[in-house]
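K.L.:
Got a predicted structure here, sequence first:
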Amino acid sequence: MDTTMIILVLLIATALAFDFTNGFHDTGNAMATSIATNALKPKTAVILAGILNLVGAFLSVEVAITVTTSVLKIQDGKTGSLLSGIDQSTGLTIIFSGLIGGILWNLLTWLFGIPSSSSHALFGGLIGAGLAALGMAGVNWSGVFGKVILPALAAPFIAGLVAACGTWMVYRLTRNVAKKRREDGFRWGQIATASLVALSHGTNDAQKTMGVIALALITTGHLTGNVKEDGLPFWVIASCALAIGLGTYIGGWRVIRTLGKGLVEIESPQGLAAEASSAAIILSSSAAGMALSTTHVATGSILGSGVGKPGAQVRWAVAGRMAAAWLITLPAAAFVGALSFWLSNVVKNASGSDLAGDGLIFVILVGLSGFMYWRAQQQKVDHNNVNADWDDTSNSVVPVDERKAKVVDQPTASV
């Protein structure tokens, strides 16, 4: 096996690792409200979401096509060949570095329980690596603006407006129905709409990893540049579907807790309205090939359900922290992507080995990922405490009892 093939295998493994983090980071988009209202038990919810994410990944490739054509300029759009001045080594390192930016941002925001966009973390990483390697000419700015930035700005507001109107209408129509009867009835609706969101998440988000792997295969000549006509190899679709399904099954409990308990104290009618809004918008964007952030949509819908319910309390401090994370997702991931490319390039030039450069950034990724996982285990959030009462004094994702128990053993900063 030559050096290029080894790097390609490492890249594909890293892409599937990103897909896995995307799955557990975004589980809450579909299931947080159903878990918070007890419509579904926590473990049942993540199993159902994992299966539907896997199924959804097989339904379309439109978003994958967007990823291969609308973010980076490393290939000719007509012939699929690499542009002048870009060799296989440079192309693979750009993609590799972009994935590292996306994974590390996903893990950092998961650690703090912040529902940020996996999609924009990935695109930010790719943009940063492209800029480091090729300058401004390395990024397809029209595609980024039209397919990534505009949907990112519009989606939370549209989802919030739809969910607010739906929530207001639900409570208006059922104002004479006893609260318990209303709650029990809407829980069944929640299960259906949450399932639809999980299916649509697989349809939208798994394709982003498919697109990245396709871009790497195009770079090495294993795939033509015309994905729309030629399609994707079955193994790419199946492996991405399995990775996102497994990640979803693991359950990103820290993010689920923030979405289910941190923003609004959700009742079943609100959950139904929020999930129906999210599903409609995500499925529409997938059909249009827009690489939409399902996190932005789900969060906007949950906030809208709080605005639409008479007398509901929205925790705007938590929402503000999330909005701040959204604003820095692209530049932060871009910085990590650019730094990763620079480190790899320096080592390549010093050692004369492509594998040494890309191998170094892979080792750094594994080390930092392991540290963040270890840190999360120090104050654990899982299916046992995901629905614990929210602490308004600290807005920490870690339940009070878990923090106090850890302080007794060993003082650490809460996250």
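P.N.:
Okay, I see it.

K.L.:
The residue of the chain most remote from its centre: what secondary structure?
P.N.:
Ranked by distance from the centre of the chain (CA atoms, centre = their mean), the top residue is Asn176, with 39.7 Å. Secondary structure, DSSP: H, G, I helix; E, B strand; the rest coil: Asn176 is coil.

K.L.:
Please name the residues that touch Pro233.
P.N.:
Residues in contact with Pro233 (CB atoms under 8 Å, 6 or more residues apart in numbering) are Leu217, Leu223. For the C-beta atoms, the positions are set from N, CA and C on the backbone; glycine is no exception.

K.L.:
go on, Asn140?
P.N.:
By CB under 8 Å, 6+ apart, the contact list for Asn140 reads Thr69, Ser70, Val71, Leu72, Lys73.

K.L.:
Next, the residue nearest to the third one when sequence neighbours are not counted: secondary structure please.
P.N.:
Excluding the flanking residues, the one nearest Val71 by CB to CB, 6 or more residues apart in numbering is Leu126, at 5.3 Å. On the three-state scheme (three-state DSSP), Leu126 is labelled helix.

K.L.:
Low-confidence regions, the chain specifically.
P.N.:
Applying pLDDT under 70 to the chain flags the ranges 1, 75-85, 225-229, 286-291, 406-415.

K.L.:
Looking at it, which helix is longest?
P.N.:
helix 179-219 (DSSP state H).

K.L.:
Would you list the phi and psi of Leu72?
P.N.:
Dihedral pair for Leu72: phi -110, psi 160, per degrees, to the nearest 10.

K.L.:
dump the residue contacts of it.
P.N.:
Contacts of Leu72 were listed using CB under 8 Å, 6+ apart, and they are Ile94, Ile95, Leu126, Ile127, Gly130, Gly138, Val139, Asn140, Leu215.

K.L.:
Make a markdown table from those and add distance to Asn204 to it.
P.N.:
Below are those laid out as a markdown table (distance: CB to CB, whole Å):
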| residue | distance to Asn204 |
| --- | --- |
| Ile94 | 24 |
| Ile95 | 20 |
| Leu126 | 17 |
| Ile127 | 19 |
| Gly130 | 23 |
| Gly138 | 25 |
| Val139 | 22 |
| Asn140 | 20 |
| Leu215 | 18 |
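
K.L.:
Out of these, the closest to Gly56 would be?
P.N.:
Leu215 (21.4 Å; CB to CB).

K.L.:
Now do the contacts for that closest one.
P.N.:
Val67, Thr68, Leu72, Ile74, Gln75, Ile95.

K.L.:
circling back: can you pull the contacts of the residue nearest to Val71?
P.N.:
Counting by CB under 8 Å, 6+ apart, Leu126 touches Val71, Leu72, Ile94, Ile95, Gly98, Gly101, Gly102, Val212, Gly337.
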